[in-house]
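[1] A structural model of the following input is requested.
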Amino acid sequence: MRCSAGVVSIVLIAAGANAVAQSYPVKPIELISPTGAGGGSDLVARTVAEIIMREKLLPQPVIVLNKPGGGGAVGQAYAATRRGDAYTIIAAGTTLISVPVRTGLDVGLDKFQPLGMIGVDLNSLAVREDSPYRTVKDLLAAGRANPKTINIAITFPGGSAHQLVYRLEQLSGAKFNTVSFKSGTDTVAAVMGGHVHATAENLGEVMPQVEAKKLRLLGVPGMKRPLGLPDVPTMKEQGYDVHAGGYRSFAAPAGVSKDVIALWDTTLAKVHDSAAWKDYMARNMYEDLYMNAADLTRYLRGQQAELTRFLTEMGLAHKK
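    Residues are numbered from 1 along each chain as shown. A predicted model of the protein is given here:
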């Protein structure tokens, strides 16, 4: 039998590609947490890395590396330089849109390959137990009747809590003051101390004081009522169709192969379906929302214009 040189070359290239696909990963994978140790994104990154290793979902360890600073900018800048590097993964979702808009850095969606989302750390709207506001509609009515007199605590400008307040303003005509604090814990303390009227921070942050009857939940911006909170209506049920939270997502630098994307699709799906992750979501009041690489990519591209407009209107966009 005769075989042309061209056919031999094609066979060899295909064999080489198969070998790469079958061997990845051959060394530890670096999972970038763009926040400091103990932050929400960091805890998720470490939980996911632990599940992957404990359940042997990959043949190599996943090592979490903290790169905090600039609301995710430092971590994204670090990961964006590693085009095609399948051994660098970052815990990032909508920050892939917001960071370049805020900073002007060239670290946007085109620099990354979204890999998947495994849950949503929902925001909330909570007031002190003795507050006169008993529903989302009550608070928005006050913000409409007396613009800029209601103070709502958030952790940082441009984050999901700030976006929640902004979207409620757009839907209702209310106008609020947002007050930034260093952490979700600080926003809760500010509400309890009477320094602000409400907090829009994550549900997990407010729940200990809700359970202690010191705070009251007005509503959650989820697709349905959270498990364990059957009496707390969604904001959509109250007439305001908003969805807001920390999208617990992962991405690789742009240029990774289709085989690598497919492997992470499978791996993150197994993490999402694991008993350990289900337990983590339940304990932290997460919304169970999964997106594979293709779905997350479409979602983020669809959110780009709206999030850019929000940051621009809030004066948070980088001025060229």
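[2] what segments of this protein are strands?
    29-33, 62-66, 88-91, 112-122, 125-128, 151-154, 177-180, 198-199, 215-219, 245-253 (DSSP state E).
[3] turn those strands into CSV, columns for mean neighbour count.
    For the C-beta atoms, the positions are set from N, CA and C on the backbone; glycine is no exception. Supplementary listing: the strands of the chain in CSV, determined by neighbours: other C-beta atoms under 10 Å:
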stretch, mean neighbour count
strand 29-33, 21
strand 62-66, 17
strand 88-91, 26
strand 112-122, 25
strand 125-128, 25
strand 151-154, 23
strand 177-180, 16
strand 198-199, 30
strand 215-219, 21
strand 245-253, 25
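[4] out of those, which gets nearest to residue 237?
    Checking the strands of the chain against residue 237 by C-beta to C-beta gives strand 215-219 as the closest, at 7.8 Å.
[5] how far is the closest one from where the chain is centred?
    22 Å (C-alpha atoms, centre = their mean, to the nearest Å).
[6] before we move on, back to that, any chance of the strands of the chain in TSV, plus distance to residue 163 and mean pLDDT?
    Listed next are those as TSV, based on distance: least, C-beta to C-beta, whole Å; pLDDT from 0 to 100:
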stretch	distance to residue 163	mean pLDDT
strand 29-33	21	97
strand 62-66	25	97
strand 88-91	19	98
strand 112-122	13	97
strand 125-128	13	98
strand 151-154	9	97
strand 177-180	11	96
strand 198-199	14	98
strand 215-219	16	97
strand 245-253	10	97
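[7] out of those strands, the one nearest residue 76 is which?
    Residue 76 lies closest to strand 88-91 among those, at 6.8 Å (C-beta to C-beta).
[8] which other helices and strands contact the closest one?
    Contacts defined by 3 or more C-beta pairs under 8 Å, 6 or more residues apart in numbering; DSSP states H and E place strand 88-91 against strand 29-33, helix 40-54, helix 73-80, strand 245-253.
[9] who does it pair up with?
    Strands adjacent to strand 88-91 in the sheet, as given by DSSP bridges, are strand 29-33 (parallel), strand 245-253 (antiparallel).
[10] tabulate the ones you listed (JSON lines), appending distance to residue 75.
    Listed next are the strands paired with strand 88-91 as JSON lines, based on distance: least, C-beta to C-beta, whole Å:
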{"stretch": "strand 29-33", "distance to residue 75": "5"}
{"stretch": "strand 245-253", "distance to residue 75": "11"}
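[11] circling back to that earlier point, and the helices and strands packed on strand 88-91 as CSV, adding distance to residue 213?
    Formatted as CSV, the helices and strands packed on strand 88-91 follow (distance: least, C-beta to C-beta, whole Å):
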stretch, distance to residue 213
strand 29-33, 34
helix 40-54, 25
helix 73-80, 38
strand 245-253, 24
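[12] between these, which gets nearest to residue 266?
    Closest approach to residue 266 among the helices and strands packed on strand 88-91 (C-beta to C-beta): helix 40-54, 11.4 Å.
[13] on that earlier part again, and the strands paired with strand 88-91: which comes nearest residue 61?
    When these are compared by C-beta to C-beta, strand 29-33 sits nearest residue 61, at 7.4 Å.
[14] so that closest one versus strand 62-66, what angle?
    Here strand 29-33 runs at an angle of 30 degrees relative to strand 62-66 (axes from the mean of the first three to the mean of the last three C-alpha atoms, to 10 degrees).
[15] not counting its own residues, what contacts strand 29-33?
    With C-beta atoms under 8 Å, 6 or more residues apart in numbering as the test, strand 29-33 has contacts from 39, 41-42, 45-46, 48-49, 58, 60-68, 75, 78-79, 86-91, 250.
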